[in-house]
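Student: Just need the structure, nothing else, for what follows:
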Amino acid sequence: MLNPNLDDIQLHPEEYERFSRHLILPEVGLEGQKRLKAASVLCIGTGGLGSPLLLYLAAAGIGRIGIVDFDIVDKSNLQRQVIHGTSWVGKPKIESAKNRIHEINPFCQVDLYETRLSSENALDIIEPYDVVVDGTDNFPTRYLVNDACVLLNKPNVYGSIFRFEGQATVFNYEDGPNYRDLYPEPPPPGMVPSCAEGGVLGILPGIIGVIQATETVKIIVGKGRTLSGRLLLYNSLDMTFRELKLRPNPVRPVIEELIDYEQFCGIPQAKAAEEAEKSAVPEMSVKELKALLDAKGDQVLLLDVRNPHEWEIAQIPGAVLVPLPDIEKGEGVDKVKSLLNGHELVVHCRSGVRSAKALGILKESGITGTNVAGGILAWSEEIDPSVPQY
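Tutor: This next block holds a predicted model:
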């Protein structure tokens, strides 16, 4: 429970009406509402999780909210990042969020940090705030936020989402566990796809983000039982909630300083391996592919290695679908051999990464071909805008 000095905290006459439904709750009351106004909360990210939690923290009467984000609003965000609107596409997310927060609660002070959170700036950014809410979607930043909160002794309200499932808990609160007790080591890069790669039900981050906002308010008001020591698991398809117990690991390494989290999570090594994989196969641009198809399309096997549901969204005319998972299992290699029949092989995917991997596997079986740089996204941008982007 936070213990601010409430003597100098006064509600504006309009705030009594604005927060009347809080004031009549015995568990909140005038003292609780003053605690909310006195509190400062830092939200890392204004994406799927940050959007709903910022909306509800502002509406609850948090007096000071800090936002860390360096991204701009994209059309693909609007399906789930409900703090942003169509008119803000192409503009900074933090400005969009600040505008909406002040529409909800003009008494809220909003601090903006349009930067990437790093080991160099994290302690300075986090230090002034009472509670930190992690709305990020990558492992390096999650470890960074956790370690900074441990060093500064700040509660870390955590949430994560993927496809139809979400998690939420509270780390580093009242001697409870921290993120490293749940994940002592990061998973190998690429093992857990991002939302951009794996997709996410737009409503899901609303549920998890609101849970994070609820836990934040409980910590500030000092009421109820928080999720500290408990990991809440939500499955939206089954509409089920499960709970796992979390305990501090007595032999976990002591966090003494912030480190290079990209290195810790193996990101540079993974990028180097990816680049090596791409450079190991010949590559052509989409303009070169268009010229090749126009000149001798009947002599070319254009192979699409995306998944079937991606194929339904968009296709390059004349392409043949053989998903990468089938190639990895071997059955797809045999299918490519039967389709090849003396044709020149050209392979594409969404952006060029999976197709390079497919060519590496095919090469082991004696099949050579050329990768399409940028994949079907580049085709849509440079050749045929009628092909949908996703």
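
Student: switch to C-alpha atoms for all contacts and neighbour counts from now on
Tutor: Will do.

Student: Gly66 and Val110 touch, don't they?
Tutor: Yes. Here Gly66 reaches Val110: they are 5.7 Å apart, a contact under CA atoms under 8 Å.

Student: Identify each buried residue in the strand or helix carrying Glu277, please.
Tutor: Using DSSP states H and E, Glu277 sits in helix 267-279. Judged by neighbour count using 16 or more other CA atoms under 10 Å, the buried positions of helix 267-279 are Ile267, Glu274, Glu277, Lys278.

Student: Please apply the same query to stretch 344-354.
Tutor: Here stretch 344-354 shows Glu344, Leu345, Val346, Val347, His348, Cys349, Arg350, Ser351, Gly352, Val353, Arg354 as buried, counting by 16+ other CA under 10 Å.

Student: in the stretch 101-250 of the chain, which spans are helices?
Tutor: 122-126, 139-152, 179-182, 195-198, 204-221 (DSSP state H, counting those that start in this stretch).

Student: which outside residues touch the third one?
Tutor: With CA atoms under 8 Å, 6 or more residues apart in numbering as the contact definition, helix 179-182 has outside contacts at Arg142, Tyr143, Asn146, Phe171, Leu246, Arg247, Pro248, Asn249, Arg252.

Student: Show me the shaky parts of the chain.
Tutor: Flagging of the chain using pLDDT under 70 yields the residue ranges 1.

Student: mind giving me the domain split of this structure?
Tutor: 13-271, 280-382 (automatic domain parsing).

Student: now these as TSV including distance to Asp7?
Tutor: Output for the domains of the chain, formatted as TSV (distance: least, CA to CA, whole Å):
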stretch	distance to Asp7
domain 13-271	9
domain 280-382	58
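
Student: now the strands for the stretch 201-350 of the chain?
Tutor: Remark: strands assigned in the stretch 201-350 of the chain by DSSP state E, counting those that start in this stretch are 230-235, 240-245, 283-284, 300-304, 320-321, 344-348.

Student: So which bits of the next helix or strand after the last one are buried?
Tutor: Counting by DSSP H and E, the next helix or strand C-terminal to strand 344-348 is helix 353-364. Residues Val353, Arg354, Ser355, Ala356, Lys357, Ala358, Leu359, Gly360, Ile361, Leu362 are the ones in helix 353-364 that count as buried (16+ other CA under 10 Å).

Student: need the contact list for the last one.
Tutor: Pointing back at Leu362 there. Ile327, Val333, Thr368.

Student: in what helix or strand does the last one lie?
Tutor: Thr368 belongs to no helix or strand when assigned by DSSP H and E.
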